[in-house]
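Enquirer: Sharing a model prediction with you, sequence too.
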Amino acid sequence: RLIPLESLKDRVVAKLCEYAECRFDYDQAEFFLLPAPHVVVSQVRIAVPGRLSGTVRSLSLFPRVLPLFSGRIEVAKLRFSSPDLDITLNQDPTPAEERQPEVFPAPYSGAGMQRAVKSFAEQLGEVHLQVEQGGLRIQEEARSLLSLTGLSADIALLRENLTVEAECRSDLWERLKLKGSFAPGESKGKGRMILDRLRAQTLARYLPPDAPKPTGDSPISLDLSFSSEGPETFSATVKCFSPALTLRMGDEEAGFKDPVLTGTIRATAGRFEIREARLTMEDPRLTLSGRFLSDTRSSEVSYHLECTDTDAGSVREAALALAGKIEVVQDVFQVLRGGWVPLATFDGHAASTEGLQRTESLLVCGSLRDGGISIPKVDLSVNAANGDVLISKGILEGRNLRGQAAASTGRNGSLTVALGDNEGPFHLDIEIDADLVQLPPVLARAVSDQVFLRELDLVQIIEGRANGRLVLDNSSGETQTAVEVNEWDLKGSYQRFPF
């Protein structure tokens with residue numbers, strides 16, 4: 001049964017009202033035969049009380065031609081010109097002080113993304129949607145959440161294949177571009193998202209309370225290529241960069257200049273991986289590469305990091321400001337105070353992410369040049385330090401050590417010391433050219449034998465130099481001291497001698 005032309009316009013407008021599922025008013029509707037039969041509805045007003053309101057300058061509906069001959073209206077394409085919409089979300093009735101942190105959808109939440117695409121495709125049906133120069137504002141009561149301008153989109157679902165191409169500006173970013181194709185029924189798809197100058201500080205409210213928060217002017221740009229090969233699988237290649245990023249943790253802040261992060265993400269059921277990750281920045285000077293794995297099925301969480309050409313002092317300041325409460329960070333930087341790291345590797349293995357924060361889970365192998373270190377057991381600060389370092393199960397071992405403490409120098413040294421407050425071995429063996437003024441305080445901090453300490457208190461007004469070998473060792477439970485002197489020139493006062 002062919003629909004008469006005079007009633008076709010009314011039938012199409014009725015179909016629009018059915019699609020809208022809301023209060024739908026307009027000024028006029030016109031029917032056109034060319035380039036294909038369609039109806040253009042002008043000055044549209046849409047409203048759902050308390051939830052949605054807005055206008056559309058013109059809305060064009062293109063029905064499929066063949067169904068018209070049997071008296072049916074099937075929508076082939078909808079085109080929205082200059083839509084301007086306001087969406088209001090229901091406010092959480094929970095008092096602000098009792099609310100849980102807001103959850104921001106993680107980009108690697110593959111299963112959630114697949115469910116959303118499938119649900120959208122089922123509601124859309126086989127139709128082509130176009131949006132030209134749209135505007136959208138989302139708010140929660142009086143609080144603005146998101147404002148989009150210059151929104152253009154082309155969305156089509158044909159033969160179970162969904163294609164999306166969209167671009168917009170926002171108060172949260174300068175430009176967003178998205179292009180992708182999906183097979184919702186098979187949970188497969190691929191695409192690319194480019195985000196220019198996201199104002200990262202606006203995302204602070206979505207982050208956990210114990211996470212560093214972006215603050216100040218901290219723009220981040222993102223280039224994300226993603227794909228899904230089936231249910232509960234998701235992979236992405238990421239490039240993220242910023243000209244300047246400031247992070248705050250409590251009252252502490254740390255700034256980063258020109259950070260660039262790249263890597264590959266892969267998520268499957270119970271398994272999350274970051275591969276080929278690389279982080280570089282100019283200040284603090286840092287080059288870091290590695291990988292991360294979390295597998296709930298095998299209760300395995302691990303990472304491997306390789307650090308090259310890095311300014312240890314600047315990294316130390318940033319790490320203590322942002323993660324100073326984490327045990328492994330405290331223990332490593334209690335010893336390492338500065339210098340240049342040509343190469344270092346970090347490996348962590350634990351049954352949970354919390355376990356990775358403990359020093360016992362960490363294995364470090366690296367070298368230090370022109371550095372600053374502190375030897376906690378004897379409270380000795382060493383400058384111009386050079387050597388090779390191994391940290392394993394909370395124990396630091398140094399080899400080929402050399403450095404300077406005030407006017408004393410050491411070389412060909414080795415050190416074994418337990419990190420943090422751990423009870424454990426302490427052994428220092430080093431060739432020294434010592435300013436003897438410094439020797440009594442070092443021995444007083446290292447040796448616990450009371451007879452020795454009483455005699456040491458009787459030594460006063462020391463001056464002179466000596467070279468030889470100093471060995472401090474507590475393997476027997478108390479620190480033992482051995483000094484082998486090759487040459488010495490000593491002046492001083494020992495109170496047991498009356499002259």
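Expert: Thanks, I have it.

Enquirer: Okay, now the unreliable bits of the stretch 1-150 of the chain?
Expert: Residues of the stretch 1-150 of the chain meeting the criterion pLDDT under 70: 1-22, 68, 71, 91-125.

Enquirer: Please enumerate the strands of it.
Expert: Counting by DSSP state E, counting those that start in this stretch, one finds strands in the stretch 1-150 of the chain at the ranges 23-25, 28-32, 38-48, 52-63, 75-89, 128-140, 143-158.

Enquirer: For the third one, enumerate the helices and strands it packs against.
Expert: In this case it means strand 38-48. Counting contacts by 3 or more C-beta pairs under 8 Å, 6 or more residues apart in numbering; DSSP states H and E, strand 38-48 is packed against helix 5-20, strand 23-25, strand 28-32, strand 52-63. Where C-beta positions appear, they are placed from N, C-alpha and C, glycine not excepted.

Enquirer: just the last one next, same as before
Expert: On a contact count with 3+ C-beta pairs under 8 Å, 6+ apart, strand 143-158 meets helix 110-124, strand 128-140, strand 161-170.

Enquirer: Report the angle between that strand and strand 128-140.
Expert: Strand 143-158 runs at 160 degrees relative to strand 128-140, counting by axes from the mean of the first three to the mean of the last three C-alpha atoms, to 10 degrees.

Enquirer: what's the burial count for the spatially closest residue to residue 357 that is not a sequence neighbour?
Expert: In space, and not counting its chain neighbours, residue 357 is closest to residue 326: 4.8 Å by C-beta to C-beta, 6 or more residues apart in numbering. Using other C-beta atoms under 10 Å, residue 326 is surrounded by 17 other residues.

Enquirer: Please report the distance of residue 326 from residue 386.
Expert: 28 Å (C-beta to C-beta, to the nearest Å).

Enquirer: List the contacts of the nearest residue to residue 161 once chain neighbours are set aside.
Expert: Among residues not flanking residue 161 along the chain, residue 183 sits closest, at 5.9 Å (C-beta to C-beta, 6+ apart). Counting by C-beta atoms under 8 Å, 6 or more residues apart in numbering, residue 183 makes contact with 160, 161, 162, 189.

Enquirer: Just among the residues you listed, which is most surrounded?
Expert: The most crowded member of the contacts of residue 183, judged by other C-beta under 10 Å, is residue 189 (22 neighbours).

Enquirer: Dump the C-alpha coordinates for stretch 267-287 into CSV.
Expert: Output of stretch 267-287 as CSV, limited to C-alpha atoms (Å, rounded to 0.1, in the frame of the first residue of the first chain):
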residue,chain,number,x,y,z
ALA,A,267,43.8,-6.7,28.7
THR,A,268,42.1,-10.1,28.7
ALA,A,269,40.0,-11.9,31.3
GLY,A,270,42.0,-11.6,34.6
ARG,A,271,45.2,-10.4,32.9
PHE,A,272,46.5,-6.9,32.3
GLU,A,273,49.8,-6.0,30.6
ILE,A,274,51.8,-3.0,29.7
ARG,A,275,54.4,-3.8,27.1
GLU,A,276,57.2,-1.8,25.5
ALA,A,277,56.6,1.2,27.8
ARG,A,278,58.9,4.1,27.5
LEU,A,279,59.0,7.4,29.5
THR,A,280,61.3,10.3,28.8
MET,A,281,61.5,13.8,30.2
GLU,A,282,63.8,16.8,30.2
ASP,A,283,63.5,17.8,33.8
PRO,A,284,64.1,15.8,35.8
ARG,A,285,66.3,14.1,33.3
LEU,A,286,64.9,10.6,32.9
THR,A,287,64.8,7.8,30.4
